[in-house]
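[1] coordinates only, sequence not included:
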């Protein structure tokens with residue numbers, strides 16, 4: 001977090017001088033201190049984020065690829081002659097621990113064309129799919145497999 005605060009300090013100043021760089025250090029320290037004390041942010045979170053950074057990048061890349069793939073499938077289905085949507089609701093348990101992982105999964109499903117999360121509580125999901133084939137095996141999707149690797 002302190003690195004991010006320092007970068008924001010430099011960007012908001014609009015130029016890089018020795019004075020701005022040196023003055024940014026105590027400003028960054030004060031900002032980080034306020035975040036840690038008032039908001040309850042902890043250095044352990046920063047460490048976890050840095051440890052998971054390559055996995056986060058891989059997850060985002062996977063998400064973009066899945067969005068493009070699903071958009072293509074929805075487009076082909078919609079232009080196919082005689083296509084009739086056959087929406088289904090699928091219920092499954094992700095098996096993921098932690099509210100953050102399950103929230104990321106719910107949002108990833110919703111961002112993917114042809115599916116959206118209707119309900120999520122804990123690791124229980126109800127997902128609407130445009131056609132049954134989009135449901136696949138949601139409990140063992142690439143999203144879930146990657147999220148299981150996060151520390």
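    The structure has been received and is ready for your questions. Source: prediction; values computed, not measured.
[2] how close does the nearest residue to residue 130 once chain neighbours are set aside get to residue 47?
    Using C-beta to C-beta, 6 or more residues apart in numbering and skipping residues adjacent in sequence, the residue nearest residue 130 is residue 114, 4.2 Å away. For glycine as for every other residue, the C-beta is placed from the backbone atoms N, C-alpha and C. Separation of residue 114 from residue 47 (C-beta to C-beta, to the nearest Å): 37 Å.
[3] Those two: which is more packed in?
    residue 114 (20 against 11; other C-beta atoms under 10 Å).
[4] who's in contact with the more buried one?
    70, 73-74, 77, 129-131, 134 (C-beta atoms under 8 Å, 6 or more residues apart in numbering).
[5] Now do the residue most central in space within the chain, the pLDDT please.
    Centroid-nearest residue in the chain: residue 104, 4.7 Å away (criterion: C-alpha atoms, centre = their mean). pLDDT for residue 104: 94.
[6] Kindly list the longest helix within the protein.
    helix 43-79 (DSSP state H).
[7] Show me which positions of that helix end up buried.
    In terms of neighbour count (16 or more other C-beta atoms under 10 Å), helix 43-79 has its buried residues at 59, 62-63, 66, 70, 73-74, 77.
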